[in-house]
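K.L.:
here's a sequence, model it:
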Amino acid sequence: MTPPRSHPAALDAGTWQLADDLPAVRRLGYGSMRLPGALGGPGTDRERALAVLRRVVEMGVNHIDTAAFYFSSTRSANELINSALAPYAEDLVVVTKVGPGRDTWGEWQWASPDQLRGQVEENLRQLGRDHLDVVNFRAKRQESTGSIAEHFGALAELREAGLIRHLGVSNVRPDHLAEARAIAPVVCVQNLYGIGASAGEQEFVQECGEAGIAYVPFFSISGTRREQGAGEPEEAVREIAEAHGASPAQVKLAWTLQQGPHVLAIPGTSDPAHLEENVAAGALRLTEAELERLGTPAE
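P.N.:
Numbering: from 1, shown residues only. Got it, this is the predicted structure:
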């Protein structure tokens, strides 16, 4: 019989302080995209989705990633979060993002700087809050997006107005981050990242750490397969997982968290069993040799 835990499971991953006026967040958070079937997936039963969200916070997770454009024909992530968790715990940090949007037919569109206020207000309404803890500006294409100054400047004005407490950037290059930081403080960078990331992205991760900025990978388990899922695990990941009695997904999450104390993880799932597995990955520690085998030297 497994002995009772003396603390919530999410504490095993450690914490990170996004900003002085925000609660320290557990480095292993939760991404809500999969709950409503936002990007073409099946989504999950409403009552099961609410139960998953409640279990998230029971396990000590206090960092939830969401967006108003995470919705399907039947439900939205923000509404589920509101229904499951409001009134919100004082130590819960909800991070959302703006830039992309979807009309009522689900067609994608990208907001102009003037339209960002409407997206922020939509998140406020759906979440039932009078301010947003952190808002990421999501660039359209990392490789080809030009200046983000006008968009980020519009969000900085909303921060000054009190609608937003802190700002971040997503799907960006280092020059985008520098551009944003010249306008207002940036507390996090949210980029596609996982085992096999490019040398340039690895360097960006370290630059964020040196600047005291959280780096928050999305699709850290599935990598370049993105919303298609994790796919077949690489041989090294599979063998390391077997050695630890863990799953390949847990190894990938552990690898992510060991890239630096400022690196967070926000795996998403609508499966209660997978949720337990993901959060348990916060206690998994890979050896220096295992980290090197997976392509990154140990800290």
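
K.L.:
so residue 31 makes contact with residue 275?
P.N.:
No: the pair residue 31 / residue 275 is not scored as a contact, 11.1 Å apart, by CB atoms under 8 Å. The C-beta positions use only the backbone N, C-alpha and C, and glycine is treated the same way.

K.L.:
more crowded one of these two?
P.N.:
The residue with more neighbours, out of residue 31 and residue 275, is residue 31; 25 against 20, by other CB atoms under 10 Å.

K.L.:
who's in contact with the closest residue to that one other than its chain neighbours?
P.N.:
Once flanking residues are discounted, residue 31 sits nearest to residue 268: 3.4 Å by CB to CB, 6 or more residues apart in numbering. Each residue near residue 268 by CB atoms under 8 Å, 6 or more residues apart in numbering is listed here: 30, 31, 32, 33, 34, 35, 65.

K.L.:
also residue 136?
P.N.:
Counting by CB under 8 Å, 6+ apart, residue 136 has contacts 95, 96, 97, 98, 167, 168, 169, 170, 188, 190.

K.L.:
switch to 10 Å and redo it
P.N.:
Neighbouring residues of residue 136 by CB atoms under 10 Å, 6 or more residues apart in numbering: 65, 67, 95-99, 155, 166-172, 186-190, 216.

K.L.:
so which of the residues you listed sit within helices?
P.N.:
Counting by DSSP state H, the contacts of residue 136 place residue 155 in helices.

K.L.:
now do the shared contacts for residue 31 and residue 275.
P.N.:
The contact lists of residue 31 and residue 275 share 267, 268, 269, where a contact means CB under 10 Å, 6+ apart.

K.L.:
my guess is the first one meets residue 28, correct?
P.N.:
So that's residue 267. Yes: taking CB atoms under 10 Å as the definition, residue 267 is a contact partner of residue 28 at 7.8 Å.

K.L.:
quick one: common contacting residues for the two?
P.N.:
Shared contacts of residue 267 and residue 28 (CB under 10 Å, 6+ apart): 253, 256, 278, 279, 281.

K.L.:
scan those and report the most crowded one.
P.N.:
Of all the shared contacts of residue 267 and residue 28, residue 278 has the most neighbours under the rule other CB under 10 Å, reaching 29 neighbours.

K.L.:
look up phi and psi at that residue.
P.N.:
The phi/psi pair for residue 278 (degrees, to the nearest 10) reads phi -60, psi -50.

K.L.:
find the nearest non-adjacent residue to it, please.
P.N.:
Leaving out its chain neighbours, the residue that sits closest to residue 278 by CB to CB, 6+ apart is residue 267, at 4.5 Å.
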